[in-house]
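need a 3D model of the sequence below.
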Amino acid sequence: MIKREIETRIKPLVDILNKVPFIKTSASCKGHYDQEDYRKYNANIIFDVYQEDRANLEKLMKSVYSKTTPNWTLGSVEFYHRHYMIPKYKEIFREWQIVIEPFDISQPVERKREITDKLIRLTISGVKDYLKNSKK
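Residues are numbered from 1 along each chain as shown. Sure, this is the predicted structure:
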């Protein structure tokens, strides 16, 4: 596995997600909106969750959505469960992904960056709330 430095803008979210006992992050991207087809380069984090921790993941998702949904007009924070196969390994890989995406593609690059940064901060806030409430 190649280990690369985590991009500064997404690092605080990666760090706090790694404090959640049942999450192990494996990849991330801050979002690169200066690319021609920027939708391929939205901010995202890929992570693993054990099957037995799905109920806890749902609580975490609800906590994040409680912070990000009121800002739905700006963009979205979505959790995806992905399954895929790499022919070389002949096995199915399963992973989770958080994707952070500004809605208005006509916005200038700087505005898309501002929106993404705000949604990252709100997601961090939701994870912090989850961690605080799960200790009770």
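
ok, longest helix in this structure?
Assignment by DSSP state H gives helix 109-134 as the longest helix of the chain.

could you say what helices and strands that one packs with?
Counting contacts by 3 or more C-beta pairs under 8 Å, 6 or more residues apart in numbering; DSSP states H and E, helix 109-134 packs against helix 11-17, strand 43-48, helix 54-68, strand 75-86, strand 91-102. C-beta coordinates here come from the backbone N, C-alpha and C atoms, glycine included.

can you pull the contacts of the residue nearest the centre of the chain?
Centroid-nearest residue in the chain, with C-alpha atoms, centre = their mean: Ile98, separated by 2.8 Å. Ile98 sits next to Asn44, Ile45, Phe47, Val77, Glu78, Phe79, Tyr80, Thr123 when contact means C-beta atoms under 8 Å, 6 or more residues apart in numbering.

if we go to 6 Å?
Applying C-beta atoms under 6 Å, 6 or more residues apart in numbering to Ile98 gives the contacts Ile45, Phe79.
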